[in-house]
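Novice: here is the input, now give the coordinates:
(2 chains)
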Amino acid sequence: MFPETAQCLKAAAPLFSQTVLLKDLSRLSTHGGGSHLQARRHLSISRCLTSKVRPVRTPRERVEIPGLEAVTYGEKMHYVPGLSKPFHPQWERSYKDPGHYRAPPAHEMPLFKDRSCFVFNQRTSALEGVLQALWLTKTKLISSLPPQLLSLSENPANQIPDQDERVQNAIKHARFWDTTEERPGKERYSNTMMVNLLHLCATLQSSHPAIGRRTQAEKCSLATTWRRGEDLFQIRGQNGLLHTCMDPLPEVSGKQEVSDTADHVLETFYPVSPTINLQKVNVYKEEMNCSGFRDDYPYPHAHTLFFLEGADANCKLRPDQFRAKMLMFTFGNALVRAQKLYGPQRVLDRPVTVQAVGTNGRIFQFMVFQLNTTDLSGDDGIKNQVWLDEDVELYDFAKVRPLIQRKQVKVPAGLAGYKPEAFSKFLSLYLHGAV
Amino acid sequence: MALSCLTRALRSMTLSQPALLSSQGVAQTKLAPHVTGVVLNQCRGFLTTASLKQNKTQWKLREKYTIKPIGMKKTGGRDYTGKVRTHGIGGGHKQKYRMIDFQRLRYEPTKVDQPFDEKVVEVRYDPCRTANIAMVAGGSRMRWIIATENMQPGDIIKTSAVIGRMAVSANEGDAYPLGALPVGSLVNNLEIQPGKGSEYIRAAGTSGVLLRKVNGTAIIQLPSKQQVQVLETCMVTVGRVSNIDHNKQIIGKAGRNRWLGIRPSSGLWQRKGGWAGRKIKPLPPMKVYVNLPSISAS
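Specialist: Numbers count the residues shown, from 1 in each chain, chains lettered A, B, ... in the order given. I've put the predicted structure just below:
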């Protein structure tokens, strides 16, 4: 309702014999929810506002005939039967008011383009999961971590003193001790566990000074563009925790393996198209290439990305979709770096390597991605490589109350079934590049 | 009386002021400074009441298709006036509505008029109907359809509008026009008019039989044994609808009926009239949904 008319009504209230209360004024307002429903004039103001309502008829179409102008009752300021309804053009504010801004439709926006772009953001749930991500990034999958990485943590010089005990304490802190309530929630304990494990790894800085050349950042926005076939793709979104380094990571596979990937055929998943579940936009900035940092940032090379499953409460991803998201964002970070260093659309002499770790508090996914080429338009040629270790359990159970069935303790309270391999893989990913 | 109050109020807003009663003079002086700025331009009348939203179904107004379940508001058998129109409906478990695409032959905007395949992603229970529903993905879109009997996740189903000379050997779950199917095949999700979307044979375990094809039209027997003649370009899916054991389900207790939203019937004993009892009568004549050209005399 117009504020002027509301004031008029309030001032004219004593003229009405049946007072319409002020709270009814807000109910009578036409702006309250569902403005697509036309309010019809209904000239009796009665107490009973729940009477029978006839179905709405669509308003008559207004025809403008240039020679004949309709005689309206606008000048008379009251309704006259026989004269037509006056036409009032849509009122627009003459000044700019940011509190009342109405966005124009998509085709009137300055960045509108006819060619649509498919955007992968941090809430995208790709239907085909890792297969779709592999096709989109032109990548070959290898189902285990590279052996030279795993051997890093087997070397006793690279291990933390009292490693197992300290890791178990870290898990217990995250799962049991970090709250005043009975047990901490999943988002809280997965975050605390990640922070604790990173802290443990960082204690090796005294023996490995290269760890000091790293820093971490949270919630940096990533934006990158690439072409695949005839479609344009973009990754946009905020990463999880990002570890960046002053020096780039060394490449994992040699030149021979890289050239062997040219024989690999990407797996398609007919009849589903690879653009399924991606957000299709027509208003976008072309050639977006932003790593989230300025060019003079002292730690420009992305080292590891850490993803938590419970970070976004509205977005629940299945394990396959979660791994796809990890892969896409790792690829995005690598692509931004490569495009800044070497320019677009070419095979890289020095591949860019980025790592990723994803967890839900108990199960870890480890990923090492090597970007060999930024020439992604065709399906043939050298492909990128990803080493993916899925579903590595850190421990079996961390129960606050023991599980008792038929008066027998099946699972005791506390931490049960600790597996040291998961942390050794975590440590080897952390130490990669610092040893 | 209310009308006269309103016209008085409206008149008080006009610029040309006729002589006013003294009791209104005070109100007028209060009104005038607010009103002049508004009334200099032509002022629209104000609305004294808004449309009454509590009797309108707002949740059904969504036009854009989505696979996300939509929250539903139950009516309890009441119509837009608020009175009970159908007895015995009310309560029951909360349900979310999943928008089902009954028009199986819906092309993607860029690929019109090409037969296409879709992959079944998930088959699940739908609280709003007896049949199960399947989420299918094809191209860049996903949609819900009525699942047929042996549909499993991972199956590929085909939809084609091509009517060839030879009848197609159709697999269960595929959708073809009636003219392309062999006579005697079990069909479901029948369209009466081409392009309208299926309105018949959608309940759990039902299937129609394609009886014969007669120059440009096809005759189908519905599950009620009623025969129907439709154009041969109407789309159907092949096979029986899913959840075939639905009619063998035993409710078991009154509570289960209440969970389904079925309220108890009136306990009043009513003398049964001519409507009750078993009736044996001939089948009604075949319903023709085709405008056949009439044979003119000359």
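
Novice: which residues touch the residue in the stretch 201-350 of chain A positioned nearest to chain B?
Specialist: Taking C-beta to the nearest C-beta as the measure, the stretch 201-350 of chain A has residue A:271 as its residue closest to chain B, at 3.8 Å. For glycine as for every other residue, the C-beta is placed from the backbone atoms N, C-alpha and C. For residue A:271, the contact set (C-beta atoms under 8 Å, 6 or more residues apart in numbering or on different chains) comprises B:116, B:117, B:118, B:119, B:137, B:138, B:139, B:156.

Novice: biggest separation within those, which pair?
Specialist: The two members of the contacts of residue A:271 with the most space between them (C-beta to C-beta) are B:139 and B:156, at 13.0 Å.

Novice: show me which of those two is the more surrounded one.
Specialist: When residue B:139 and residue B:156 are compared for neighbours, residue B:139 comes out ahead with 18 against 15, by other C-beta atoms under 10 Å in any protein chain shown.

Novice: right, and that one touches residue B:108 too?
Specialist: Yes. With contacts counted by C-beta atoms under 8 Å, residue B:139 reaches residue B:108, the gap being 4.8 Å.

Novice: contacting residues for residue A:186?
Specialist: Shown in contact with residue A:186 (C-beta under 8 Å, 6+ apart): A:310, A:360, A:361.

Novice: next, count neighbours for the closest residue to residue A:321 other than its chain neighbours.
Specialist: By the measure of C-beta to C-beta, 6 or more residues apart in numbering or on different chains, the closest residue to residue A:321 outside its immediate chain neighbours is residue A:125, 4.6 Å from it. Using other C-beta under 10 Å, residue A:125 has 15 neighbouring residues.

Novice: I'd assumed residue A:315 was in contact with residue A:125.
Specialist: Yes. When contacts are counted by C-beta under 8 Å, residue A:125 is listed as touching residue A:315 (7.5 Å).

Novice: would you tell me what the next helix or strand after the helix or strand bottoming out on mean pLDDT in chain B is?
Specialist: Lowest by mean pLDDT, DSSP states H and E among the helices and strands of chain B is helix B:22-39, with a mean of 43. Next helix or strand after helix B:22-39 toward the C-terminus (DSSP states H and E): strand B:70-71.

Novice: burial check on residue A:395, number of neighbours?
Specialist: Residue A:395 has 19 neighbouring residues, counting by other C-beta under 10 Å.

Novice: OK, contacts around it?
Specialist: With contact taken as C-beta under 8 Å, 6+ apart, residue A:395 is in contact with A:171, A:362, A:415, A:416, A:417, A:418, A:419.

Novice: quickly note the distance from it to chain B.
Specialist: Residue A:395 is 32 Å from chain B, where distance means C-beta to the nearest C-beta, to the nearest Å.

Novice: likewise for residue A:376?
Specialist: Distance of residue A:376 to chain B, given as C-beta to the nearest C-beta: 19 Å.

Novice: pretty sure that residue belongs to a strand, no?
Specialist: No. Secondary structure of residue A:376 (DSSP: H, G, I helix; E, B strand; the rest coil): coil, not part of a strand.

Novice: stretch B:189-209: which residues count as buried?
Specialist: By neighbour count on 16 or more other C-beta atoms under 10 Å in any protein chain shown, the buried set for stretch B:189-209 is B:189-192, B:197-198, B:200-209.

Novice: try stretch A:161-170
Specialist: By 16+ other C-beta under 10 Å, the buried positions in stretch A:161-170 come out as A:166, A:167, A:168, A:170.

Novice: got it, and stretch A:307-318?
Specialist: Neighbour counts over stretch A:307-318 (16+ other C-beta under 10 Å) mark A:307, A:308, A:309, A:310, A:311, A:315, A:317 as buried.

Novice: next: stretch A:146-155.
Specialist: Applying a neighbour-count criterion of 16+ other C-beta under 10 Å, one finds A:146, A:149, A:150, A:152, A:153 buried in stretch A:146-155.

Novice: try stretch A:179-199
Specialist: Neighbour-count burial for stretch A:179-199 flags A:184, A:188, A:189, A:190, A:191, A:192, A:193, A:194, A:195, A:196, A:197, A:198 (criterion: 16+ other C-beta under 10 Å).

Novice: near residue 89, how many other residues are there?
Specialist: Here I'm looking at chain A. 5.

Novice: wrong chain, I was asking about chain B
Specialist: Other residues near residue B:89 number 16, with proximity taken as other C-beta under 10 Å.

Novice: again with residue A:377
Specialist: Residue A:377, neighbours per other C-beta under 10 Å, totals 13.

Novice: now the residue positioned nearest the centre of chain B: how far from chain A?
Specialist: Nearest to the mean C-alpha position of chain B, by C-alpha atoms, centre = their mean, lies residue B:199 at 8.6 Å. Distance of residue B:199 to chain A, computed by C-beta to the nearest C-beta: 23 Å.

Novice: contacting residues for that residue?
Specialist: Shown in contact with residue B:199 (C-beta under 8 Å, 6+ apart): B:102, B:190, B:191, B:192.

Novice: do residue A:194 as well
Specialist: Applying C-beta under 8 Å, 6+ apart, one finds that residue A:194 lies in contact with A:241, A:306, A:308, A:359.

Novice: ok, residue A:414 next?
Specialist: Per C-beta under 8 Å, 6+ apart, neighbours of residue A:414: A:172, A:176, A:398, A:399.

Novice: same thing but at 10 Å, please
Specialist: Residue A:414 makes contacts with A:168, A:172, A:175, A:176, A:397, A:398, A:399, A:400, A:402, as judged by C-beta atoms under 10 Å, 6 or more residues apart in numbering or on different chains.

Novice: and what about the first one, helix, strand or coil?
Specialist: Per three-state DSSP, the local secondary structure of residue A:168 is helix.

Novice: quick one: it and residue A:414, what's the gap?
Specialist: Distance, residue A:168 to residue A:414, by C-beta to C-beta, to the nearest Å: 10 Å.

Novice: check contacts around the residue in the stretch 151-298 of chain B positioned nearest to chain A.
Specialist: Residue of the stretch 151-298 of chain B nearest chain A, by C-beta to the nearest C-beta: residue B:156 (6.4 Å). Counting by C-beta under 10 Å, 6+ apart, residue B:156 touches A:270, A:271, B:117, B:118, B:119, B:120, B:136, B:138, B:171, B:173, B:174.

Novice: now the buried members of the residues you listed.
Specialist: Here, 16+ other C-beta under 10 Å leaves A:271, B:117, B:118, B:119, B:120, B:136, B:138, B:173, B:174 buried among the contacts of residue B:156.

Novice: let's see which of these end up in strands.
Specialist: Using DSSP state E, the members of those that fall in strands are B:117, B:118, B:119, B:120, B:136, B:138.

Novice: where are the low-confidence patches of the stretch 51-200 of chain B?
Specialist: Low-confidence segments of the stretch 51-200 of chain B (pLDDT under 70): B:51-56.

Novice: swap the cut-off to 90 and go again
Specialist: Within the stretch 51-200 of chain B, the segments meeting pLDDT under 90 span B:51-63, B:79-82, B:110-111.

Novice: helix or strand: which one has residue A:329?
Specialist: Per DSSP H and E: helix A:319-342 holds residue A:329.

Novice: give the bridge partners for the residue in the stretch 101-250 of chain B that chain A sits nearest to, please.
Specialist: Nearest residue of the stretch 101-250 of chain B to chain A: residue B:117, at 3.8 Å (C-beta to the nearest C-beta). Beta-bridge pairing of residue B:117 under DSSP bridges involves residue B:158.
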